[in-house]
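1. the sequence and its predicted three-dimensional model are supplied below.
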Amino acid sequence: QVQVEESGGGLVQAGGSLTLSCAASGRTFTDYTMGWFRQAPGKEREFVATIRWIDNSTYYADSVKGRFTISRDDAKNTAYLQMNSLKFEDTAVYYCFADGPGAPRSWGQGTQVTVSS
């Protein structure tokens, strides 16, 4: 199974930027998908962005399109989420995940992102 470890959360003012990292280890695959969900207090966990390793295809939630960019580093088995123009409503715990073919989804421990207005 793939293990993922994330980092990079913190406190930032509205309009600022943060970059999250998600490093995969253990059993990795040629074709796997990594990305992030987030969960704000009192709300359901929601999809943020994903990237597919085999063709670099990316998908974003409408709420973050144009502000967030997901990318990868093959050599490090790491995905990155560059978050720009952050808004108060982006405040949440961000959870990285990895999906491999035929394998259960692996989740990171979560990292807090707090945007002050």
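-> Everything's here; your move. Just so it is clear, the structure is predicted and the values come from calculations on it, not from any experiment.
2. quick one: contacts for Ala24?
-> Applying Cβ atoms under 8 Å, 6 or more residues apart in numbering to Ala24 gives the contacts Val2, Gln3, Val4, Tyr32, Met34, Asn77, Thr78, Ala79, Ala98, Ser106. Every C-beta, even on glycine, is put in place using the N, C-alpha and C of the backbone.
3. can you get me a residue count around the nearest residue to the fourth one once chain neighbours are set aside?
-> When the adjacent residues along the chain are set aside, Tyr32 lies closest to Gly100, with 4.4 Å between them (Cβ to Cβ, 6 or more residues apart in numbering). The burial metric for Gly100, expressed as a neighbour count using other Cβ atoms under 10 Å, is 21.
4. ok, back up a step: filter the contacts of Ala24 to the buried ones?
-> Taking 16 or more other Cβ atoms under 10 Å as the criterion, what is buried in these is Val2, Val4, Tyr32, Met34, Asn77, Thr78, Ala79, Ala98, Ser106.
5. list the contacts for the last one?
-> For Ser106, the contact set (Cβ under 8 Å, 6+ apart) comprises Gln1, Val2, Gln3, Val4, Ala24, Phe97, Ala98, Asp99.
6. one more pass at 6 Å, please.
-> Val2, Val4, Ala98 (Cβ atoms under 6 Å, 6 or more residues apart in numbering).
7. looking at those, which are in helices?
-> The members of the contacts of Ser106 all map outside helices under DSSP state H.
8. between the residues you listed, which is nearest Val12?
-> Nearest to Val12 among these is Val4, at 22.8 Å by Cβ to Cβ.
9. sec struct for Gly41, please.
-> Rather than Gly, residue 41 is Pro. Classification of Pro41 by DSSP: H, G, I helix; E, B strand; the rest coil places it in coil.
10. can you tell me how far it is from Gly110?
-> 13 Å (Cβ to Cβ, to the nearest Å).
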